[in-house]
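just need the structure, nothing else, for what follows:
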Amino acid sequence: MALQKKNKSNITRFRDDFRFAVAGGLRSLALIGLLATVIFCIYRYQDDLNLANARRIYSYLSSARASEKSEFTSFAFEAGLDSEYALFDMGLAVYGGNTFRYVTALAEGDFVHQMNAARPALSAGERQVLIYDRGGKNYAVVNSYSCLGSGTLESPIVSGRMNARGAFCLVTDENGYRAAVTMYDARLNQVFKWQTSEYYIVLACPAPDGRTLSALCVSERDGSTYYTVRVCSVREEEPLCEIPLEGRQVYSLCYNEEGNLVIIASDGVYIYESDGTLRASSAYPAGALIAFCHNYGDTPAVAIRAETAGEGVEVRLVGADGSPRFTGTYEGVPRAVDLHGNTLAVLFRTRLVTVDLAAEKPQARARRDTGARDVLVRPDGRMVLVYTDRAELVTLEEDTQ
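Residues are numbered from 1 along each chain as shown. A predicted model of the protein is given here:
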């Protein structure tokens, strides 16, 4: 049998294997990207790289290892100073004595920011807090560990409001104009400004999506005061609509969970759609309103005097369609009302009434208390009682019938 001669054309040639080279190149690119990210973070947050923040991080890690929650239980206000406060994240935002403080339970974990303000005010979103000086020109935006930005305006600030996502409005008393409203996005970029000599602007509120805002404007005709809500888009100079409110006094502008504008006025709660159409309302006698609350995305709550003498106070939660989500009648005059989610709190001089709205039949509890001047409901249903000298965290388990 004859052997076949070798034929080089019958030999299969394999391509060079470049997989290891490609993997090595990708790994190098990843390391370069990681190094560039570290350099950028050091450059961008160089002001936050200090010993105080290092202590806060160490305290946080120590607390996490011990499986403890980073939430405050109590805080004492500085004696002799008026303090402004607001719930923020799992702690308390407090301003007093030209110092803003974010209070938590972490040892040496409080974030502190200095800002001069004669009449300070706070407006908190989910991740940021707006600090501004009513009647002054300073403002700042902070989160739980740093100052994101600050500024000094040319005109005095009348009011300010931040939505849940961090967009905020500042109303100013302008020279040469009656007033102006300026809106900023969550990154502190100015996205809208409207100056007017026709109205005096009292309040302004950004919509949840940050694309529109509502401004409460006041004018005078024939010696009488008239209120008008002007709804504006950040992309247009002309208003989307104007809502005439005639002579009724307005106490609050805010948006509900459906994105509709809710107005709490002297004679009722009014709910408007984005085009200015009145969707629903819940009326009460003029002058009967005692206390109210309306947080972004929550149901508005009002405490009004009962129509019949001796019946006490009616607390009413107004749903998106104008119908009462809950009503309750209590004795005494409430000092404060707050609502978050399914937890309602009504503070009286000698007791705190809490209502669990999640139950099939809302259950009310009364906790004896003396001296508290305000109550704040957290997202988890726990409450903060505010006294003249301190703030304390309380739980529903402490309540008694």
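
among the helices and strands of this structure, which one scores worst on average pLDDT?
For the chain, counting by mean pLDDT, DSSP states H and E, helix 51-65 ranks last in confidence among helices and strands (a mean of 60).

so what pLDDT did Gly24 get?
For Gly24, the pLDDT comes out at 80.

mind checking how far it is from Gly33?
15 Å (CB to CB, to the nearest Å). Just so you know, the C-beta spots here come from the backbone N, C-alpha and C atoms, and that holds for glycine as well.

show me what contacts the residue positioned nearest the centre of the chain?
Nearest to the mean C-alpha position of the chain, by CA atoms, centre = their mean, lies Gly125 at 2.7 Å. Residues near Gly125 by CB atoms under 8 Å, 6 or more residues apart in numbering: 162-166, 168, 186.

reformat the residues you listed as TSV; add distance to Gln195 and pLDDT.
Compiled in TSV, the contacts of Gly125 are given as follows (distance: CB to CB, whole Å; pLDDT from 0 to 100):
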residue	distance to Gln195	pLDDT
Met162	21	97
Asn163	22	95
Ala164	27	93
Arg165	25	93
Gly166	24	95
Phe168	18	98
Ala186	24	93
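
so which residues of the stretch 101-250 of the chain form strands?
Using DSSP state E, counting those that start in this stretch, the strands of the stretch 101-250 of the chain run over 111-114, 120-124, 129-133, 138-142, 147-152, 157-162, 168-172, 179-184, 190-196, 200-206, 212-221, 224-233, 241-246, 250-255.

you'd agree Ala358 is in a helix?
No: using DSSP: H, G, I helix; E, B strand; the rest coil, the assignment for Ala358 is coil, not a helix.

ok, Gly149 touching Leu188?
Yes: shown here, Gly149 and Leu188 form a contact pair, counting by CB atoms under 8 Å, at 4.3 Å.

so which of the contacts of Gly125 wins on neighbours?
Phe168 (28 neighbours; other CB atoms under 10 Å).

so what pairs up with that one in the strands?
When assigned by DSSP bridges, Phe168 has beta-bridge partners Met162, Tyr184.

how close does it sit to Gly136?
Shown here: Phe168 relative to Gly136, a distance of 16 Å by CB to CB.

low-scoring pLDDT stretches of the stretch 301-401 of the chain, where are they?
Where the stretch 301-401 of the chain drops to pLDDT under 70, the residues are 308-311, 396-401.

got a list of what Thr182 touches?
169-170, 172, 190, 192-193.

need the max-distance pair from those.
Thr172 and Phe192 (13.3 Å; CB to CB).

identify the contacts common to these two.
Both Thr172 and Phe192 are contacted by 181-182, under the criterion CB under 8 Å, 6+ apart.

on that earlier part again, can you add distance to Ile290, neighbour count and pLDDT and give the contacts of Thr182 back as a markdown table?
Output for those, formatted as a markdown table (distance: CB to CB, whole Å; neighbours: other CB atoms under 10 Å; pLDDT from 0 to 100):
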| residue | distance to Ile290 | neighbour count | pLDDT |
| --- | --- | --- | --- |
| Cys169 | 27 | 25 | 98 |
| Leu170 | 29 | 24 | 98 |
| Thr172 | 31 | 22 | 97 |
| Gln190 | 38 | 12 | 96 |
| Phe192 | 35 | 21 | 96 |
| Lys193 | 36 | 14 | 95 |
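
so how far is Asp298 from the residue nearest to Gln128 when sequence neighbours are not counted?
What sits nearest to Gln128 in space, not counting adjacent residues and going by CB to CB, 6 or more residues apart in numbering, is Gly166, at 4.4 Å. Per CB to CB, Gly166 is found 18 Å from Asp298.

likewise Leu153?
From Leu153 to Asp298 the distance is 30 Å (CB to CB).

next one: Ala186
21 Å.

also Leu352?
Distance, Leu352 to Asp298, using CB to CB: 19 Å.

now swap in Gly149 and tell me
Distance from Gly149 to Asp298, by CB to CB: 28 Å.

which one's more surrounded, the two?
Between Gly149 and Asp298, counted using other CB under 10 Å, Asp298 has the larger neighbour count: 18 against 14.

surely that one is in contact with His340?
Yes: taking CB under 8 Å as the definition, Asp298 is a contact partner of His340 at 6.2 Å.

in which helix or strand would I find Asp82?
Following DSSP states H and E, one finds Asp82 outside all helices and strands.

what of the one 10 residues further on?
Secondary structure from DSSP H and E places Leu92 in strand 91-96.
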